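Trainee: Predicted model and sequence follow; I will ask about them next.
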Amino acid sequence: MAGEKGLVLLDFWVSPFGQRVRIALAEKGLPYEYVEEDLMAGKSDRLLRSNPVHKKIPVLLHDGRPVNESLIILQYLEDAFPDAPALLLLKTLDGALGDKPFFGGDKFGLVDAAFAPFTAWFHSYERYGEFSLAEVAPKIAAWAKRCGERESVAKSLYSPDKVYDFIGLLKKKYGIE
Ligand SMILES: N[C@@H](CCC(=O)N[C@@H](CS)C(=O)NCC(=O)O)C(=O)O
């Protein structure tokens, strides 16, 4: 039986990727049904149907709809359950950055590279979410500017306006106005 939130997790006991999702569900206080996939014995039809390309756990089913990839699942939980305690709040990141120029310290590091692409989305977060990043998370706002001044980031990202238009298209496509 899916938990009261309609969540089912297809997982394998020792998987760090699955454990990532279990930790996030627990931190957010979301009940779910745990389904052990015995990968040593084979893969269930449900797993193959839910993740037909990669055929991997973890898979989160939400009201029957599959979400694959552990980090995508974490992001999905943030979006689908906004009332549960948030793990990725910009304010939390602001605190984590502290007075350092980058998450890597004085040097641009792995966390900076992983997070920098979202800076092109900040403008849309602000407009659609009706908030000012500089007010909510001033250190992250300054960090985003610093990232944008790096050639590696600048040449890999699209303009915030283009991202905003793209999100507008997505909203239309999915009927979210
Ligand atoms: N990038 C994936 C990795 C998931 C993954 O590698 N899962 C492994 C178990 S730890 C799996 O299902 N392996 C089965 C297979 O490769 O056939 C994620 O983060 O969810």
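Mentor: Right, received. Where do you want to start? Numbers count the residues shown, from 1 in each chain.

Trainee: contacting residues around stretch 120-134?
Mentor: By Cβ atoms under 8 Å, 6 or more residues apart in numbering, the residues outside stretch 120-134 that reach it are 90, 140-141, 144, 157-161, 163-164, 167. From N, CA and C alone the C-beta is placed, and that goes for glycine too.

Trainee: rerun that using 7 Å as the cut-off
Mentor: Identification of contacts with stretch 120-134 by Cβ atoms under 7 Å, 6 or more residues apart in numbering yields 90, 140-141, 144, 157-158, 160, 163-164, 167.

Trainee: now, the most widely separated pair of the residues you listed?
Mentor: Using Cβ to Cβ, the contacts of stretch 120-134 span at most 20.5 Å, a distance reached by L90 and Y158.

Trainee: Have a look at these two and say which one is more surrounded.
Mentor: L90 (18 against 12; other Cβ atoms under 10 Å).

Trainee: Tell me the secondary structure at the residue positioned nearest the centre of the chain.
Mentor: When Cα atoms, centre = their mean is applied to the chain, the residue found nearest the centroid is Q75 (2.4 Å). Here Q75 is recorded as helix under DSSP: H, G, I helix; E, B strand; the rest coil.

Trainee: Against P138, how distant is it?
Mentor: The gap separating Q75 from P138 is 24 Å, by Cβ to Cβ, to the nearest Å.

Trainee: In what element of secondary structure is the residue of the chain positioned farthest from its centre found?
Mentor: Seen from the C-alpha centroid of the chain, the residue lying at the greatest distance (Cα atoms, centre = their mean) is A41, 30.9 Å away. For A41, there is no helix or strand it lies in under DSSP states H and E.

Trainee: Tell me how many other residues crowd E135.
Mentor: Neighbour tally, E135, other Cβ under 10 Å: 9.

Trainee: Specify the local secondary structure of it.
Mentor: Going by three-state DSSP: E135 is helix.

Trainee: Straight-line length of stretch 24-37, end to end?
Mentor: End-to-end distance of stretch 24-37 (Cα to Cα, to the nearest Å): 19 Å.

Trainee: Residue numbers of the protein in contact with the ligand?
Mentor: Neighbours of the ligand within the chain, by Cβ under 6 Å from any ligand atom: 12, 15, 17, 39, 55-58, 69-70.

Trainee: export those residues to CSV and tack on pLDDT, neighbour count and secondary structure?
Mentor: Putting the residues of the chain next to the ligand into CSV (pLDDT from 0 to 100; neighbours: other Cβ atoms under 10 Å; DSSP: H, G, I helix; E, B strand; the rest coil) gives the following:
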residue, pLDDT, neighbour count, secondary structure
F12, 95, 17, coil
S15, 91, 17, coil
F17, 91, 15, helix
L39, 92, 16, coil
K55, 97, 13, coil
K56, 97, 19, coil
I57, 98, 25, coil
P58, 96, 23, coil
E69, 94, 17, coil
S70, 91, 22, helix
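
Trainee: Done for today, thanks.
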